[in-house]
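[1] 3D, please:
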Amino acid sequence: MRKILILLGAVAAFAVGCGGGSSSAPVKLAGNPTNKGTRDLSGTSVTLEQNDFSFTPTFIKGGTPGATITVHLENKGQQEHNFTISAQGINKTLNPGESTDVQVTLPQSGATEFHCRFHLQSNSMQGAFFFKDGDAVTSSS
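    Numbers count the residues shown, from 1 in each chain. Next up, the predicted model:
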């Protein structure tokens, strides 16, 4: 019995050490985005922090399909950052300490990807608006 308990403890420690579900991305994006969590969209606005080299939150879930929401951007980093959604013609640059609002149209279905065009080559500074885990990124608004 003791050997079984030791084995179960080792398996549990291994599973926790491998990063289990909490750090996994709910939407598949190109590369390896820095995942700073998921926030549920309640209402018609959300705050998105730009850090060196991530968005917080990285994923924004929910809302009404096709609705326009206000995204309040805050550059909390030490470098210039950008918020781009190519399919919607959004391309907003902020210097460190700046903030602004942009209007984003949620997809009818699937997910809409956003990124910092200055740090896209690293594939780390990106995120998505989505409705359910596993949504595919769409190329149009």
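
[2] Show the contacting residues for the most centrally placed residue in the chain.
    Centroid-nearest residue in the chain: Thr58, 2.1 Å away (criterion: C-alpha atoms, centre = their mean). By C-beta atoms under 8 Å, 6 or more residues apart in numbering, the residues touching Thr58 are 25, 33-38, 126-128. Where you see a C-beta, it was placed from the backbone N, CA and C, and this is true even at glycine.

[3] repeat that with 6 Å
    By C-beta atoms under 6 Å, 6 or more residues apart in numbering, Thr58 lies in contact with 35-36, 127.

[4] Which residue, other than its chain neighbours, is closest to it?
    Gly127 (4.2 Å; C-beta to C-beta, 6 or more residues apart in numbering).

[5] Where do the strands of this structure begin and end?
    Remark: strands assigned in the chain by DSSP state E are 38-40, 45-51, 54-56, 59-61, 68-75, 81-85, 90-94, 99-105, 112-115, 126-130.

[6] Nearest to Val137, out of these?
    Val137 sits nearest to strand 112-115 of all the strands of the chain, at 4.8 Å, using C-beta to C-beta.

[7] If anything else comes up later, I'll come back, but that's it for now.
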